[in-house]
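Chemist: The amino acid sequence is not available; the structure is as follows:
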């Protein structure tokens, strides 16, 4: 029998190591690419380890596709005995998870002398979840929400978290955003998207989320390593990871508007 369940509001995340394909090469010196895959495995395993934290217990890893990491939040059983968390709480959880993924990758870059760059897309909406296959059956999620989340990643900018207008609307009181403008999304036409810059100054994450930091930071000044928003009309500039700590986000504005971007080639 087919196992499936529908969910009304699920946050979906796609996170890609945008420049991994440039790093992967098959040579005798790296065991025909095996050493490249060994490093990718370390990165993915460290992302998996983040989910062991209490603050991320509601996030479900779906799968990896090459160097792309797919996860979702809100896939909880709809039984009456369980208390559903609000979608705002779920989106804050997956947003904090995305921010910490940058910290994890920065640490690996520092240790391995690499410059891998993360690119993240987040969307929210209804999905259908289920298990497909008789051999090596796999739990997966489907729907327009998933497709758009994937496009938020693929049409995004290296070093940035791109989200849909709906995600922005739900958690705008908790995070700072930059309005990217209209982006051409395959199958959807022009969509208004935003870059999530980090926790809003003064917005307090959950206690468990705060504890994952060093303890030296105040809840209202959570430090992230997201690259600063572009201030010119081009979005070609990429994020250059640095071994040093980035400065905390200090902007107090809710939304800063930037020019629309040209049509993306998918």
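Modeler: That came in fine, so what should we check first? The model shown is predicted, which means the values in this text are computed figures rather than measured ones.
Chemist: Next, the buried residues of stretch 56-70.
Modeler: By 16 or more other CB atoms under 10 Å, the buried positions in stretch 56-70 come out as 56, 58-62, 64, 67-70. Glycine gets a C-beta too; all of them are placed from N, C-alpha and C.
Chemist: what's that stretch in contact with?
Modeler: Under the contact criterion CB atoms under 8 Å, 6 or more residues apart in numbering, stretch 56-70 has outside partners 12-17, 20-21, 40, 44, 47-48, 50-51, 71-76, 85, 90, 93-94, 96-97, 101, 138-141, 153.
Chemist: Tell me where the stretch 51-200 of the chain has helices.
Modeler: Here the stretch 51-200 of the chain has its helices, by DSSP state H, counting those that start in this stretch, at 87-112, 144-154, 165-171.
Chemist: can you put these in JSON lines and add distance to residue 195, mean neighbour count and mean pLDDT?
Modeler: Putting the helices of the stretch 51-200 of the chain into JSON lines (distance: least, CB to CB, whole Å; neighbours: other CB atoms under 10 Å; pLDDT from 0 to 100) gives the following:
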{"stretch": "helix 87-112", "distance to residue 195": "12", "mean neighbour count": "20", "mean pLDDT": "95"}
{"stretch": "helix 144-154", "distance to residue 195": "10", "mean neighbour count": "22", "mean pLDDT": "97"}
{"stretch": "helix 165-171", "distance to residue 195": "10", "mean neighbour count": "19", "mean pLDDT": "97"}
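Chemist: Quick one, which of those helices gets closest to residue 5.
Modeler: Closest approach to residue 5 among these is made by helix 144-154 (14.5 Å; CB to CB).
Chemist: which helices and strands does that closest one pack with?
Modeler: With contacts taken as 3 or more CB pairs under 8 Å, 6 or more residues apart in numbering; DSSP states H and E, helix 144-154 sits against strand 3-17, strand 118-132, strand 161-164.
Chemist: among the ones you listed, which is the most enclosed?
Modeler: strand 161-164 (a mean of 28; mean count of other CB atoms under 10 Å).
Chemist: list the helices and strands that strand packs on?
Modeler: Here strand 161-164 touches helix 87-112, strand 118-132, helix 144-154, strand 175-185, strand 189-199, going by 3+ CB pairs under 8 Å, 6+ apart.
Chemist: would you list the ones you listed in JSON lines and tack on distance to residue 166?
Modeler: Shown next, in JSON lines, are those (distance: least, CB to CB, whole Å):
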{"stretch": "helix 87-112", "distance to residue 166": "9"}
{"stretch": "strand 118-132", "distance to residue 166": "6"}
{"stretch": "helix 144-154", "distance to residue 166": "9"}
{"stretch": "strand 175-185", "distance to residue 166": "13"}
{"stretch": "strand 189-199", "distance to residue 166": "10"}
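Chemist: Kindly provide the distance from the closest residue to residue 19 other than its chain neighbours to residue 5.
Modeler: Closest residue to residue 19 apart from its sequence neighbours, by CB to CB, 6 or more residues apart in numbering: residue 117 at 5.5 Å. Distance of residue 117 to residue 5, given as CB to CB, to the nearest Å: 35 Å.
Chemist: Likewise for residue 60?
Modeler: Taking CB to CB, one finds residue 60 at 13 Å from residue 5.
Chemist: next one: residue 129
Modeler: As for residue 129, its distance to residue 5 is 5 Å (criterion: CB to CB).
Chemist: is it true that the residue nearest to residue 19 touches residue 156?
Modeler: No: the criterion here is CB atoms under 8 Å, and residue 117 misses it with residue 156 at 11.0 Å.
Chemist: Looking at these two now, which is surrounded by more residues?
Modeler: Under the neighbour definition other CB atoms under 10 Å, residue 117 and residue 156 were set side by side, and residue 156 has more, 27 against 22.
Chemist: Excluding chain neighbours, what is closest to the more buried one?
Modeler: Excluding its sequence neighbours, the residue lying closest to residue 156 (CB to CB, 6+ apart) is residue 162, at 3.9 Å.
Chemist: Isn't residue 132 up against residue 140?
Modeler: Yes: the criterion here is CB under 8 Å, and residue 132 meets it with residue 140 at 6.3 Å.
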